[in-house]
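Trainee: Mind folding the following:
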Amino acid sequence: MQHQILQGDYTSLGGSFQLCLPLNFEFQIPKDDPVRLLRHFVDEMDLSALYQTFSQANKNRVQPRQMFAILIYAYLNGIYSSRRIESACRRDINFMYLLEGKPAPDHATIARFRSKHFAPCAKKLLAQMTDWLEKIGAISFENIFIDGTKIESAANKYRFVWKKAVKKNLAKLQAKLPDFLQQVSTDTGIRVRHGETIKMHHLKKLRRRLAQYKKEQ
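Mentor: Numbers count the residues shown, from 1 in each chain. Just a heads-up that it's a prediction; the model follows:
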């Protein structure tokens, strides 16, 4: 039996259609679409820290500014895989809009950009982006919302801690701290001065002094 070999070109199968004008993607994107805001503030940002991670930029390929924009837009839409981002750049009109006519980058280019170029200056760029959004009134900083995501416990990788449980146990722990510090003082003679509230730096100082005490003993 002879096996039929399928070729990569499927245009011979038919199903063609007449293209309609306009071909400019911008006309097909709603005026209030967040992708327009994203492209605007990326153009306004100081991306010198990002460009410094490149020895040179090929003008015919996707520019660092455009790579940064598609990466942020992908994250905004819950897309994190470099292969899925590549697919979105080839199929999604909003990603094509951010690419500004440049060819879609492959997944290896996206992964390399994320680890080698974006990661070293991510904090600086995201902080700048947050400040810019606050300046134009897109965010207010009046409220901070926690989505209730489970946090993996360091004690056991198969156990998870919920936000409500963390807040409840934290309050109990803070109530016990004064008695704990008094007991440490009685047993070891180590005293840590603190105000009405025992803060993290007080506990870190106590830990260092206890480690020194243990070493001496």
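Trainee: Just the CA atoms of stretch 30-38, as PDB, please.
Mentor: Extracted in PDB, the C-alpha atoms of stretch 30-38 (Å, rounded to 0.1, in the frame of the first residue of the first chain):
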ATOM      1  CA  PRO A  30     -11.400  49.400  19.300                       C
ATOM      2  CA  LYS A  31     -10.400  52.800  20.500                       C
ATOM      3  CA  ASP A  32     -10.700  51.800  24.100                       C
ATOM      4  CA  ASP A  33      -8.700  48.600  23.800                       C
ATOM      5  CA  PRO A  34      -5.900  48.300  26.500                       C
ATOM      6  CA  VAL A  35      -3.400  47.400  23.800                       C
ATOM      7  CA  ARG A  36      -3.500  51.000  22.600                       C
ATOM      8  CA  LEU A  37      -2.600  52.300  26.100                       C
ATOM      9  CA  LEU A  38       0.200  49.700  26.400                       C
END
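Trainee: Work out the gap between that stretch and the centre of the chain.
Mentor: Stretch 30-38 sits 20 Å away from the centroid of its parent chain (CA atoms, centre = their mean, to the nearest Å).
Trainee: list the buried ones in it?
Mentor: Neighbour-count burial for stretch 30-38, counted by 16 or more other CB atoms under 10 Å, picks out Val35, Leu38. For glycine as for every other residue, the C-beta is placed from the backbone atoms N, C-alpha and C.
Trainee: what sits against the residue positioned nearest the centre of the chain?
Mentor: Nearest to the geometric centre of the chain sits Tyr75, at 6.8 Å (CA atoms, centre = their mean). If you count contacts by CB atoms under 8 Å, 6 or more residues apart in numbering, Tyr75 has none.
Trainee: separation between it and Ala122?
Mentor: 11 Å (CB to CB, to the nearest Å).
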